[in-house]
Structure formats: structure tokens, C-alpha cells
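Novice: Quick one, what's the 3D model for this:
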Amino acid sequence: MAETAALALGGAPGGVKVTGHVCDVAGEAQVLRFRDEALVAHGAG
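Specialist: This is a model prediction of the structure:
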């Protein structure tokens, strides 16, 4: 995941924030955790 995030960041314009999160979309609790982590990481939580 770290390698993929680094590649995404390398191709993104300046000021873009890239984060990585593990989530099994088959589990509702994991999806909700992912949502919460993403909101906090990107300033919306």
C-alpha cells in the first residue's frame, strides 16, 4: 500500500494529500472505519 500511495502522490499535482487505508468492503464495520479515517485524514472529520 505504501508503494501505491507513493506512486499516486508522485503523479499528483502539488498540495494533494494521499493516504492509504485497508478496508474489506464485505464488512460494514470496516467500511465505516475507513470512512471515519478518511474524513479525519483529509480534514473533514
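Novice: Show the pLDDT at residue 33.
Specialist: On pLDDT, residue 33 comes in at 97.
Novice: Please report how far it lies from residue 42.
Specialist: Relative to residue 42, residue 33 is positioned 15 Å away (CB to CB, to the nearest Å). The C-beta positions use only the backbone N, C-alpha and C, and glycine is treated the same way.
Novice: what's the span of stretch 16-23 from first residue to last?
Specialist: One end of stretch 16-23 sits 22 Å from the other (CA to CA, to the nearest Å).
Novice: hmm, I was thinking of stretch 20-31
Specialist: OK, stretch 20-31 end separation, CA to CA: 14 Å.
Novice: Then stretch 18-36?
Specialist: Stretch 18-36 stretches 16 Å from its first residue to its last (CA to CA).
Novice: Helices of the protein, start to end?
Specialist: 2-10, 28-41 (DSSP state H).
Novice: mean pLDDT lowest for which of those?
Specialist: Among the helices of the chain, helix 2-10 has the lowest mean pLDDT, at a mean of 91.
Novice: residue contacts, residue 4?
Specialist: residue 20 (CB atoms under 8 Å, 6 or more residues apart in numbering).
Novice: typo on my end, it should be residue 34
Specialist: 21, 23.
Novice: And it, how close does it get to residue 24?
Specialist: For residue 34, the distance to residue 24 - CB to CB - is 9 Å.
Novice: Next: residue 7.
Specialist: Residue 7 is 22 Å from residue 24, by CB to CB.
Novice: can you count the residues close to residue 10?
Specialist: 8 (other CB atoms under 10 Å).
Novice: what's the answer for the one 5 residues further on, then?
Specialist: Residue 15 is surrounded by 5 other residues when neighbours are defined as other CB under 10 Å.
Novice: Likewise for the one 5 residues further on?
Specialist: The number of residues packed around residue 20, counting by other CB under 10 Å, is 12.
Novice: my guess is it contacts residue 2, does it?
Specialist: Yes - using CB atoms under 8 Å, residue 20 is in contact with residue 2, at 6.6 Å.
Novice: Thank you, goodbye.
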